[in-house]
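Student: The sequence and its predicted three-dimensional model are supplied below.
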Amino acid sequence: MNLAAVAAQARVELTLTLRRGESLLLTLGIPVGLLVFFSLVSVLPLPPGVTEPVDFLAPGILALAVMSTAMVSLAIATGFERQYGVLKRLGSTPLGRPALLASKTAAVVAIEVLQVAVLVAVAVVLGWRPEGSAVLAAAVMVLATVGFAGLGLLMAGTLRAEVTLAAANGLYLVLLLLGGMVFPLDRLPAALEALARLLPAAALADALDAALSSTGTLPAGAVAVLAAWAVAAPALAAWRFRWE
Amino acid sequence: MGATPAVSVSGLVVRYGSLVAVDGVSFSAEAGEVLALLGPNGAGKTSTVETLEGYRRPDRGSVRVLGLDPVADRRRLTPRIGVMLQRGGVYPGIRAPEALRLFAAFYPDPLDPAELLHRVGLGGVARSTWRSLSGGEQQRLSLALAIVGQPEVAFLDEPTAGVDPGGRQVVRQVVRELAGGGATVVLTTHELEEAERLADRVVIIDRGAVVAAGTPAELTAAGPGDEIRFGAPAGLDALGLAAAIGAVVTEVTPGEYRVATAPTPAAVAALTAWLADRDLPLADLRAGRQTLEDVFLRLTTADGGSSAR
């Protein structure tokens, strides 16, 4: 793999993402907005034993940030690149598919680092005092990123760009509501809660919450769900992805 | 390069389901040569070029570029070829210099992006994103992206489509310089004038098959040489006129006629007398050899016509 080519491609991916206003709204504006609003306005139910909304919200919003970048933003950008023939054109350059994937990964990770920095700073200002293990939290986010990126690329590589746009946003909303990100999962009907726990959003929120709590240990069930999505979604995407 | 042609296509068949897009096309191009695939829309030009670019496998026959298989030897071939797709292929939000610097980073020995930007006349729109460039500017940027890696073979699909006269001049200049430097250029066009101006050799394709090939001079000489051309109302009694002149008369396009005879004063007199007797106007009268356009129209509009225009 030509590292200079990967670096150039990753830089362009990152530049173009930061240049798109709607993408910044999705990856930074909405998570920061939700975090600030629901931390200051006590309208949401909190899990038992939690008194400060920000303590509940911060891990969930970090999960939301990962989902918005790795799944939604990646899906929409890649879907339009496919529609505009960008992927096709890159296919006849020496860049190669592994290098393209590496570049996209690097760009996604860079945006996530930026999101985490901003969100943690805002949460701390709002009174959040994270405990637990930052390393474990990072590991969980990487695992979830793989799964979400697989879902995003699956949509981008199989649907028309406009449909990908709608589907990614729709899925984002569903996973936000079923993700335990803004209100606790146990408020849902039992059957819906059981379903929600099998989805990557709730598993990530759950695992992040645990990693950043005083115990600092990971829930095995949530990690297993994330791992399953991290294997299945990219595999399905690789199988079904159409470059043109 | 030796005896191996830079590009060779032999017995190529490309199908899309039951539709046969390319049906047994063969041709080759040498180093330093500009070869134009000329044909109406839907003739199979793009399918042929995309097979050479490695985007699809031949259903039958074979293609070789620099002696390599475009699909199997993709990794060895991509650093040595340049591609201009028929449309798009560039990030809508990218600026021209960013795109050129990006593509330059893919190749081992690229041209200087800033210099190339000026060479294709885009120095003045360096701040504009792709989506805000005009069609002609987009085409010139696509062309620049195709050659930034100093390719040994460049495939240009409709490089002058939608390009204004000034832009065409740039495209022609770039193509000439490429070939002058020893590269092979395979381009497609449905415009005769472009083929005649740009190409050393022309391969005329219609409905998936090669109908003629040669230099523009050979192609125009190959047909029946001497003729009289004239314009008159459409639907003349061609048989009656043929009898009067003593030569075959064909209506090439509605209102344009060709008389297959040497343009002698006697033949011209017989023609004008026949028209005068019937009180018919004569729009124009031309004697001499056929043009590439004549060859093209004769070859591609047989049995029912096609979408050449």
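Tutor: Great, that's in hand.
Student: C-alpha from now on. contacts and neighbour counts both.
Tutor: OK.
Student: Tell me which residues touch the closest residue to residue B:287 other than its chain neighbours, please.
Tutor: Taking CA to CA, 6 or more residues apart in numbering or on different chains as the measure, residue B:287 lies nearest to residue B:228, with 4.5 Å between them; neighbours along the chain are not counted. Each residue near residue B:228 by CA atoms under 8 Å, 6 or more residues apart in numbering or on different chains is listed here: B:258, B:259, B:260, B:261, B:262, B:263, B:268, B:285, B:286, B:287, B:288.
Student: Who wins on neighbours among these?
Tutor: Across the contacts of residue B:228, the neighbour count under other CA atoms under 10 Å in any protein chain shown reaches its highest value at residue B:259, namely 26 neighbours.
Student: Now that one. Nearest residue, chain neighbours left out?
Tutor: The nearest residue in space to residue B:259 (CA to CA, 6+ apart) is residue B:249, at 4.5 Å.
Student: List the residues that contact the one you found.
Tutor: Taking CA under 8 Å, 6+ apart as the contact definition, residue B:249 lies against B:238, B:239, B:241, B:242, B:257, B:258, B:259, B:260.
Student: The lowest-mean-pLDDT helix or strand in chain A close to chain B?
Tutor: The helix or strand with the lowest mean pLDDT-type score in chain A, counting by mean pLDDT, DSSP states H and E, is helix A:21-24 (a mean of 90). No: taking CA under 8 Å from any CA of the partner chain as the criterion, helix A:21-24 and chain B are apart, separated by no less than 11.5 Å.
Student: Torsion angles phi and psi at residue 85?
Tutor: In the absence of a named chain, this looks at chain A. Per-residue torsions, residue A:85: phi 80, psi 10 (degrees, to the nearest 10).
Student: wrong chain, I was asking about chain B
Tutor: The phi/psi pair for residue B:85 (degrees, to the nearest 10) reads phi -70, psi 160.
Student: how near is it to chain A?
Tutor: Residue B:85 sits 7 Å away from chain A, going by CA to the nearest CA, to the nearest Å.
Student: Stretch A:13-24: which residues count as buried?
Tutor: With burial defined by 16 or more other CA atoms under 10 Å in any protein chain shown, the residues of stretch A:13-24 counted as buried are A:13, A:14, A:16, A:17, A:23, A:24.
Student: My understanding was that the fourth one contacts residue A:26; is that so?
Tutor: What that stands for is residue A:17. No: judged on CA atoms under 8 Å, residue A:17 makes no contact with residue A:26 at a distance of 11.0 Å.
Student: How much space separates the residue nearest the centre of chain B from chain A?
Tutor: Within chain B, the residue whose C-alpha comes closest to the C-alpha centroid is residue B:189; the distance, by CA atoms, centre = their mean, is 3.0 Å. Residue B:189 is 20 Å from chain A, where distance means CA to the nearest CA.
Student: What pLDDT does the model give that residue?
Tutor: Reading off the per-residue confidence, residue B:189 sits at a pLDDT of 92.
Student: Report the beta-bridge partners for it.
Tutor: According to DSSP bridges, the residues that bridge with residue B:189 are residue B:38.
Student: who touches it in this structure?
Tutor: For residue B:189, the contact set (CA under 8 Å, 6+ apart) comprises B:36, B:37, B:38, B:39, B:157, B:158, B:159, B:160, B:161, B:195.
Student: Among the contacts of residue B:249, which ones are in strands?
Tutor: The members of those that map onto strands under DSSP state E are B:257, B:258, B:259.
Student: can you tell me which residues contact the residue in the stretch 1-150 of chain B positioned nearest to chain A?
Tutor: Among residues of the stretch 1-150 of chain B, the one nearest chain A by CA to the nearest CA turns out to be residue B:89. It sits 4.0 Å away. When contacts are counted by CA under 8 Å, 6+ apart, residue B:89 touches A:84, A:85, A:86, A:87, A:88, A:89, A:90.
Student: how near is the fifth one to residue A:167?
Tutor: The reference is to residue A:88. Between residue A:88 and residue A:167 the computed distance is 23 Å (CA to CA, to the nearest Å).
Student: residue contacts, residue 196?
Tutor: Looking at chain A here, since you left the chain open. Shown here is residue A:196, whose contacts under the criterion CA under 8 Å, 6+ apart are A:178, A:179, A:185, A:202.
Student: Switch to chain B, please.
Tutor: Under the criterion of CA under 8 Å, 6+ apart, the contact partners of residue B:196 comprise B:202, B:216, B:292.
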